[in-house]
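>>> Need coordinates for the following:
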Amino acid sequence: MTYNYTTFDASEYDLANFRGPVPGRKAPDFAVARADGGSERLLDFDGDFLVLEMGSLTCPLFQGRRPRMERMDAHDANVAFKVLYVREAHPGDLIGAHATQEDKATCALRLVEEERETRTVLVDTLDGQVHEAYGGYPNSVFIINRNGCVVYASDWNNPEVTARALALLKQGKPADVKSWFRPVPPSVSRRVLGQGGRGSMSDFLRGLPRLIWMNLIRRNIRLLLGRGPGVLPDASC
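Numbers count the residues shown, from 1 in each chain. Next up, the predicted model:
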């Protein structure tokens, strides 16, 4: 399987088994480039926690959740927020699969300059080294403490739940919340996939039945019946 696939297929993702670091595990650290130039360590941040979200221009879930995540960033000076720019979730003929590192960096810069993303945007390697270490999902989210320990994680970001998790952690409590999968409005998907160009929407629609079954139904049922680990905000791992 090619990391930077040119045609989206739901089978590209193991939607039943999330491989990213779970709460209580050490968060992988990397030297990464910034979209606005320069580089930094992924886990170098100011504040008590780092909220790290995966995203790309062609991911409707990421794009639809950005306003809420940016508001969280603007109103919490003691928490750092970063976006890791990963592969295009739904490449098309206008925003295609990344063929070079420069392609990827250009898309990440577009997120900053054209989409007005206010959080720190980092650019993954062409082969997705960092993304794969964090599970490889298009819009997963992690909260990491000053010890480099994951204290909250979700394979799909739900900003309202992420905000509740962060509030609990800041109160000294485990973030034992359940992050239900919620789709974005169809208008968001139309806009984002339209910007991707020909192939972006059609490939998404072809995989939609599987996405609905695996995420909206099966995942939420599994979440309802399961119980997440309770990890204290100052945990070491």
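>>> ranges for the helices of the chain?
Remark: helices assigned in the chain by DSSP state H are 60-74, 101-113, 129-133, 159-170, 186-196, 200-211, 220-225.
>>> which other helices and strands contact the last one?
Here helix 220-225 touches no other helix or strand, going by 3 or more Cβ pairs under 8 Å, 6 or more residues apart in numbering; DSSP states H and E. The way it works is simple: take the backbone N, C-alpha and C, and place the C-beta from them, glycine included.
>>> for the second one, same thing?
Here helix 101-113 touches strand 79-85, strand 120-123, going by 3+ Cβ pairs under 8 Å, 6+ apart.
>>> Okay, now the unreliable bits of this protein?
1, 227-229 (pLDDT under 70).
>>> Report the central residue of it.
M54 (2.4 Å; Cα atoms, centre = their mean).
>>> hang on, the earlier thing: nearest to R25 among the helices of the chain would be which one?
Among these, helix 129-133 comes nearest to R25, with 11.2 Å by Cβ to Cβ.
>>> still on that earlier bit, any chance of the helices and strands packed on helix 101-113 in CSV with mean neighbour count as columns?
Formatted as CSV, the helices and strands packed on helix 101-113 follow (neighbours: other Cβ atoms under 10 Å):
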stretch, mean neighbour count
strand 79-85, 23
strand 120-123, 21
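>>> do you know how far K178 is from R164?
10 Å (Cβ to Cβ, to the nearest Å).
>>> repeat for G96
Following Cβ to Cβ, the distance that separates G96 from R164 is 37 Å.
>>> for A153, same thing?
Remark: distance between A153 and R164 (Cβ to Cβ) = 14 Å.
>>> Which one's more surrounded, these two?
More neighbours surround A153 than the other of A153 and R164, with 27 against 16 (other Cβ atoms under 10 Å).
>>> Any idea how many residues pack against the residue lying closest to the more buried one once chain neighbours are set aside?
What sits nearest to A153 in space, not counting adjacent residues and going by Cβ to Cβ, 6 or more residues apart in numbering, is F142, at 4.9 Å. Neighbours of F142 under the rule other Cβ under 10 Å: 26.
>>> Same check on C237?
C237, neighbours per other Cβ under 10 Å, totals 15.
>>> which strand residues sit across from the nearest residue in space to it that is not next to it in sequence in the sheet?
By the measure of Cβ to Cβ, 6+ apart, the closest residue to C237 outside its immediate chain neighbours is C149, 4.1 Å from it. On the basis of DSSP bridges, C149 is bridged to K26.
>>> thinking again about what came up before, what distance do you get for the residue nearest to the centre of the chain to R206?
Note on M54: its distance to R206, by Cβ to Cβ, is 23 Å.
>>> Quick check, V83 in contact with T120.
Yes - using Cβ atoms under 8 Å, V83 is in contact with T120, at 7.1 Å.
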